[in-house]
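In: From the sequence below, what's the structure:
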Amino acid sequence: MKTIELKKQAGAEAEQLMPQLNQISRFIYENPELAFAEKKACQKLTAVLEEHGFHVEKNVGGLETAFTATYQQGENEIGRKLIGIAAEYDALPDLGHGCGHNLIAASSLGAALVLKKVMETTGLEGELRVIGTPAEEDGGGKILLLEKGVFDGLSMCMMMHPTSGVTRIAGRCLSSHGMAIRWQGKSAHAESHPEEGVNALDALHIYYTAIACLRQQLPDDVRIAQIITDGGRNEGMIPDSASISVDIVSQDQNLQATIEKVQNCAKGAAIAAGCDCEIEHITGYLGRRPNQRLAQVFRDNFEIIGEPLMDGMPEDFGTTDFGNVMRKVPSCNPYVSLLPSEKISNHTERFKELAMAPRAEQVIEISVKAMAYSAIDLLTDPMILKAAWHEFLQEE
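Out: Below you'll find the predicted structure:
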C-alpha cells in the first residue's frame, strides 16, 4: 500500500480516537500529580494500552510510575525498526498542568494507537514502544530510565510538547547542572560570645554577592538560579551551617566554565568567612540535539496536515530531560502551538488555562497525526533512518 494511503487511514483513525483522547487529557489535567507520584495518570494510560493489545510492563527502571508498552508486527527480528514514543504526565507544584503534559500524554497515546491499527490492518512491519516517563519537571525521569537501559535499541524517538506562538520543530536548548553548596562554621551565642562563632551565613552572603557580581561577565545564554535551603534557625545564635541549591543552565560550550566559576565563588566565600565548604554536584538535563533528517520528515507531514511551522529549528532557553534522550538516539521534538497568535511563557496560569482550552483538542489531533504520519514514513523508507543515524553519529 502506498504511503499516502497509509496516512489517510492513520488520519481517519486519529479522528475517530479524538473523543477518547480528549477525555484522557481532561482526566490527567483534572488530577495533577507531582514527580514520581503520577499513579492515576500511569494507571489510565497503561489500562488503555493494554485494552488495545500492547504488551505493558510497569515499574520499569525501578520507577513506580514509569512504564513501557510494546507492539510488534512481523516475525523477522533482523533489521526491524523500533519506533519510540515518549510520554510525560507529571504536573507542577501549585500550578497543575501549567506545562501541558496532559496533552503530551494524550498525543503519545493517540499516535501509538493509530500506528498499531494501521500496522495490524495493512501488515506494515515494525515495532512500537511507548515509554511512560515520570518526573520531567523535577527529578529527570528520562535520565533515570536511560541509565536503566529503557531507551536501548530504539531506531528513533519522538515526543510532542505544547507551546505558544507558531508551531515549530524544536532546535537546541540549554543544558543544566545542579549544585548543593553547604558551608560549615561554628555556633556561638550571638550576643554574649559572638567572637567564638564562625558564621556560615556570612559565607553564604559573600557567595551570593559574588554570584551577583559574576553575572556581568557571563555569556548571554548562562542562567544561574538559586534558592537558600538553610540560613540558620535561631537569630540568637550564630549560624553554624548554611546551604543553597543552585541550578546552572547554558549552552554546552559554556557550562563547564560556569560551573568552575560558581565553585570558586563558593570556596572563596568559605575562606573569607573562615568556614568549610562542601559542594555536591547533581547531573542535570542535557540540551536537545536536533536531527535535520527527522525534522524534515515532520515538516513535510505538518504541511500535509496544514499546520504552519516556523522556519528551521529555533533554539530556546528551556531545559528538558528529552534532551538526554536526544543524545542517545536520533529524535524529533515538535512543539505544537496552543496559541499561534502570541508567544507566552509556559509554567504560568495562562498557559495552564490554554492546556484545556478548545484549541488544546486541535493540538492533540495535529500532534497524533504528525507523529503517526512521520512514523509511517520511517517504517516504509529505510533510507530515512539510515540518514538520520549517519547525521547523529557525525555529531557525537
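
In: what's near enough to touch Lys186?
Out: 196-198, 238, 240 (CB atoms under 8 Å, 6 or more residues apart in numbering). In short, each C-beta sits where N, CA and C put it, glycine included.

In: which two in those residues are spaced the farthest apart?
Out: Distances among the contacts of Lys186 were taken as CB to CB; the most separated pair is Glu196 and Asp240, at 11.1 Å.

In: more crowded one of those two?
Out: Legend: neighbour count by other CB atoms under 10 Å for Glu196 and Asp240, higher for Asp240 (19 against 11).

In: any chance you could read off phi and psi for that one?
Out: phi -90, psi -10 (degrees, to the nearest 10).

In: That one - nearest residue in space that isn't next to it in sequence?
Out: Leaving aside its sequence neighbours, Asp240 sits nearest to Ser187 (CB to CB, 6 or more residues apart in numbering; 3.8 Å).

In: Tell me how many other residues surround the one you found.
Out: Neighbourhood size, Ser187 [other CB under 10 Å]: 18.

In: before we move on, what about Ser241?
Out: 20.

In: Same question for the one 3 residues further on.
Out: Neighbour count of Ile244, defined by other CB under 10 Å: 20.

In: Packing partners of the helix or strand hosting it?
Out: For Ile244, the host element (DSSP states H and E) is strand 241-250. For strand 241-250, the packing partners by 3 or more CB pairs under 8 Å, 6 or more residues apart in numbering; DSSP states H and E come out as strand 175-184, helix 200-214, strand 223-230, helix 252-273.

In: again, only this time at 10 Å
Out: Helices and strands touching strand 241-250, by 3 or more CB pairs under 10 Å, 6 or more residues apart in numbering; DSSP states H and E, are strand 175-184, helix 200-214, strand 223-230, helix 252-273, strand 276-283.

In: hang on, the earlier thing: so for Glu196 and Asp240, which residues contact both of them?
Out: 186-188 (CB atoms under 10 Å, 6 or more residues apart in numbering).

In: the domain parsing of this structure - what is it?
Out: For the chain, automatic domain parsing gives the domain ranges 3-173+287-395, 177-283.

In: And Arg327, how far from Lys148?
Out: 16 Å (CB to CB, to the nearest Å).

In: Which one's more surrounded, the two?
Out: Higher neighbour count among Arg327 and Lys148: Arg327, with 16 against 13, using other CB under 10 Å.

In: Quick check, the more buried one in contact with Thr320.
Out: No - at 11.9 Å, Arg327 does not count as touching Thr320 under the criterion of CB atoms under 10 Å.

In: Now for these two: what residues contact both?
Out: Applying CB under 10 Å, 6+ apart, one finds that Arg327 and Thr320 are jointly contacted by 286-288.

In: Between the residues you listed, which sits nearest Ser331?
Out: Looking across the shared contacts of Arg327 and Thr320 and measuring by CB to CB, the closest to Ser331 is Arg288, at 8.0 Å.

In: give me the element the closest one is part of.
Out: For Arg288, there is no host helix or strand (DSSP H and E).

In: for Gln394, same thing?
Out: helix 382-395.

In: Tell me where the chain has helices.
Out: With DSSP state H as the criterion, the chain has helices at 3-30, 39-51, 101-122, 141-147, 200-214, 252-273, 292-305, 322-326, 349-354, 358-380, 382-395.

In: in the longest one, what's buried?
Out: Meaning helix 3-30. 6-7, 9-11, 13-14, 17-18, 21-22, 24-25, 27-29 (16 or more other CB atoms under 10 Å).

In: can you give me how far it is from the chain middle?
Out: 23 Å (CA atoms, centre = their mean, to the nearest Å).

In: pLDDT on that helix, on average?
Out: In this model, helix 3-30 has an average pLDDT of 98.

In: Spatially, what comes nearest to Ser337 if we skip its sequence neighbours?
Out: Counting by CB to CB, 6+ apart, the residue nearest Ser337 is Thr167, at 4.5 Å.

In: Tell me the backbone dihedrals of the one you found, please.
Out: Per-residue torsions, Thr167: phi -50, psi 140 (degrees, to the nearest 10).

In: Wait, it touches Asn301, no?
Out: No - Thr167 lies out of contact with Asn301 (CB under 10 Å); the separation is 12.0 Å.

In: So if I had to pick from those two, which one is more boxed in?
Out: Legend: neighbour count by other CB under 10 Å for Thr167 and Asn301, higher for Thr167 (24 against 21).

In: Now the common contact residues for Thr167 and Asn301.
Out: What both Thr167 and Asn301 touch, as defined by CB under 10 Å, 6+ apart, is the set 307, 334, 370.

In: Can you get me a residue count around the last one?
Out: This means Ala370. Neighbours of Ala370 under the rule other CB under 10 Å: 29.

In: Look up how far Ile376 lies from it.
Out: Ala370 sits 11 Å away from Ile376 when distances are taken as CB to CB.

In: what do the two both touch?
Out: Common contact partners of Ala370 and Ile376 (CB under 10 Å, 6+ apart): 297, 301.

In: what's the burial count for the nearest residue to Cys99 once chain neighbours are set aside?
Out: Sequence neighbours aside, Asn346 is the residue nearest to Cys99 in space, at 4.9 Å (criterion: CB to CB, 6+ apart). Neighbour count of Asn346, defined by other CB under 10 Å: 20.

In: Return the most buried member of the domains of the chain.
Out: domain 3-173+287-395 (a mean of 20; mean count of other CB atoms under 10 Å).

In: Next, the distance between the ends of that one.
Out: 30 Å (CA to CA, to the nearest Å).

In: Could you pull up the contacting residues of the residue nearest to Asp240?
Out: Applying CB under 10 Å, 6+ apart, the residues contacting Ser187 are 196-200, 232-234, 237-241.

In: And the pLDDT at it?
Out: 96.

In: Give me the distance between it and Glu147.
Out: Distance, Ser187 to Glu147, using CB to CB: 40 Å.

In: which residues touch the closest residue to Ala35 other than its chain neighbours?
Out: Nearest-residue entry for Ala35: Ala135, 3.6 Å, with adjacent residues in sequence omitted and distances by CB to CB, 6+ apart. Listed by CB under 10 Å, 6+ apart, the contact set of Ala135 reads 34-38, 63, 65-66, 88-90, 141-145, 321.
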